[in-house]
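**Q** Test case, fold it:
(chains A and B)
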Amino acid sequence: MSEQQEMVPQQQVDRELLERAQAGDLAAFEALVELHRDEVYGLALRMTRSDADAAEIAQETFLSAYQHLADFRGEAAFGSWVHRIAANHALMRLRHRSVVQEAEEELKGPEFTERDSLAEYPATDWSRRADEKVLDDELRRAIQQATDDLPEGYREVFLLKDVEGLSYEQISEITGDSVPAVKSRLHRARLALREAIDHFYSEK
Amino acid sequence: MFTCKESVDLLLKFLDGEMPEDEARHLEEHLEACPPCVDFLRTYKATPGLCRRALQAQMPQELAERLTQFLRQKCHK
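**A** Residues are numbered from 1 along each chain as shown, chains lettered A, B, ... in the order given. Reported below is the predicted structural model:
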């Protein structure tokens, strides 16, 4: 995948900047922040859905990264490290909010016949269109809405795994849920989002 | 042979490559005989990437500047 090929030079740049930052070069740390602030802010915004919270989480994340620079050994990528710090901060904030959990039954999934066959299936195989260069604005909004509509625990797991790229074990560690529970929530969330995208294409 | 419902329930495990060989074979047998499930699998597989693209966000310039100022103040102490 081209995404992975691009990661190698990025990680090399990160490593060089990190070494300078660990030696006390603040400009090098600022350069690292500049390279990773969109990802960190994006994660925080997606998780909390609040500009103000996302801005504060970005501040807390990079400050915490700076304070622990000496502990970072560089075995993992710097980007993954700050991602995990940001995910922890975002989840802590969400845990402090009084979130009304929606019933699990409200999650939409595919419909099956009495004999457990798929009652309806995609009229068009839109998976081919998923790679189109320009993403339709209406589709973008439909996906944002469908993600917002997921019950909190499902939304968190989906964002952390499928959008932020954390592993099941990392998510289990952060959320306190077991790996099988994380997988089950991810599957249900994906089914609900697939359904929403399917609905969008069938209405078109 | 699996039903469509059983097949759909196993898709995450299948795509993660964590399925025992005999179970994967049963699922593949179902997919070979069931075009709707093949389409379903394709769209299920495409969902994360499409969502990732739809949910991208950039930090507004003003917030980026505030972040830099904040870190300069805190890190110089």
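
**Q** Going by C-alpha atoms from here, please, whenever you check contacts or count neighbours.
**A** Will do.

**Q** Show me what from chain B comes close to chain A.
**A** Contact residues, chain B versus chain A (CA under 8 Å from any CA of the partner chain): B:3-6, B:12, B:36-37, B:39-40, B:42-59, B:63-64, B:67-68, B:70-71, B:74-75.

**Q** At the geometric centre of chain B, which residue sits there?
**A** Against the mean C-alpha coordinate of chain B, by CA atoms, centre = their mean, the closest residue is residue B:48 at 3.4 Å.

**Q** and it, that's in a helix?
**A** Yes: checked against DSSP: H, G, I helix; E, B strand; the rest coil, residue B:48 lies within a helix.

**Q** Among the residues of chain B next to chain A, which are located in strands?
**A** Among the residues of chain B next to chain A, none falls in strands (DSSP state E).

**Q** Report the separation between residue B:7 and residue A:17.
**A** Look at residue B:7 and residue A:17: by CA to CA, to the nearest Å, they are 47 Å apart.

**Q** how about residue A:63, what does it touch?
**A** Residues near residue A:63 by CA atoms under 8 Å, 6 or more residues apart in numbering or on different chains: B:71, B:74, B:75.

**Q** May I ask which of those residues has the most neighbours?
**A** residue B:71 (20 neighbours; other CA atoms under 10 Å in any protein chain shown).

**Q** Could you find the closest non-adjacent residue to that residue?
**A** residue A:63 (6.6 Å; CA to CA, 6 or more residues apart in numbering or on different chains).

**Q** Quick check: next helix or strand after the helix or strand containing that neighbour?
**A** Assessed by DSSP states H and E, residue A:63 sits inside helix A:51-67. Reading on from helix A:51-67 to the C-terminus, the next helix or strand found by DSSP H and E is helix A:78-96.

**Q** can you give me phi and psi for residue A:107?
**A** For residue A:107, the backbone dihedrals (degrees, to the nearest 10) come out as phi -70, psi 130.

**Q** One more: residue A:112?
**A** Torsion angles, degrees, to the nearest 10, at residue A:112: phi -120, psi 160.

**Q** Bridge partners for it, pull those for me.
**A** residue A:118 (DSSP bridges).

**Q** just checking, it touches residue B:7?
**A** No: counting by CA atoms under 8 Å, residue B:7 is not a contact partner of residue A:112; they are 11.7 Å apart.

**Q** More neighbours: which of the two?
**A** residue B:7 (21 against 15).

**Q** got the contact list for the more buried one?
**A** Contacts of residue B:7 by CA under 8 Å, 6+ apart are B:27, B:30, B:37.

**Q** which of these lies closest to chain A?
**A** residue B:37 (7.6 Å; CA to the nearest CA).

**Q** burial measure for that closest one, as a count.
**A** Residue B:37: 22 neighbours (other CA under 10 Å).
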